[in-house]
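Chemist: sequence unknown, structure follows:
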């Protein structure tokens, strides 16, 4: 089974397009055009389900029309409307270019380590981008912590081992305990 820590969000299917099963895809990361993953994933009843992409064509700088294998009519496509689209991290390794608000989801499932104390603060469980200040929601079995997702705090990253080394302000780590 594919785990949520093994994928990251690249956008959302908005609505069906036409009668042939195409979907309007509003994307936040065009990694799907730079790499070739055999499938994309959608969360269905709490489970990540792979869908194979037959084709896609760009409509604008941030939208495309996507045809999925086995989705052949408008009613099937409507069932997938308003769903977040996930991409497997294994196919995107090494492609993290400049960090932007749209790519913070790449770090879901990464371990966060405080450079100052050397301690592991837990895994990034979620990314809250509901405000202008994006937050990593970091947790372990003992506590939860909200850490600003900002390049200013990132000291280093180990993509292969999935670790984010952060130089956090003094006292921030104590707030979640």
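Modeler: Sure, I can see it. Only a predicted model underlies this, so the values are computations on that prediction, with no experimental measurement involved.

Chemist: what packs against the lengthiest helix in the chain?
Modeler: Counting residues, the longest helix found in the chain (DSSP state H) is helix 74-80. Of the remaining helices and strands, those touching helix 74-80 by 3 or more CB pairs under 8 Å, 6 or more residues apart in numbering; DSSP states H and E are strand 7-17, strand 22-27. Every residue, glycine included, has its C-beta placed from N, CA and C.

Chemist: What is the subsequent helix or strand relative to the helix or strand residue 87 falls within?
Modeler: Assigned by DSSP states H and E, residue 87 belongs to strand 83-88. Toward the C-terminal end, the helix or strand that comes next after strand 83-88 (DSSP H and E) is strand 111-114.

Chemist: by contact count, what packs against that following strand?
Modeler: Right, strand 111-114 is packed against strand 120-128, strand 163-166 by 3+ CB pairs under 8 Å, 6+ apart.

Chemist: who does that strand pair up with?
Modeler: strand 120-128 (antiparallel), strand 163-166 (parallel) (DSSP bridges).

Chemist: residue contacts, residue 48?
Modeler: Shown in contact with residue 48 (CB atoms under 8 Å, 6 or more residues apart in numbering): 1, 2, 3, 4, 7, 41, 42, 86.

Chemist: List the contacts of stretch 155-166.
Modeler: For stretch 155-166, contacts defined as CB under 8 Å, 6+ apart pick out 5, 93-94, 96, 107, 109-115, 121, 124, 147, 153-154, 167.

Chemist: Give me the residues contacting the lowest-mean-pLDDT helix or strand in the chain.
Modeler: Least confident helix or strand, the chain: helix 31-34 with a mean of 82, by mean pLDDT, DSSP states H and E. Helix 31-34 has contacts (CB under 8 Å, 6+ apart) with 10, 40, 53, 56, 87, 91, 92, 95.

Chemist: burial of the first one, as a residue count?
Modeler: Other residues within reach of residue 10, judged by other CB atoms under 10 Å, total 24.

Chemist: That one against residue 89, yeah?
Modeler: No: look at residue 10 against residue 89 with CB atoms under 8 Å: they stay out of range, at 10.9 Å.

Chemist: Need the overlap of contacts for those two.
Modeler: Common neighbours of residue 10 and residue 89 (criterion: CB under 8 Å, 6+ apart): none identified.
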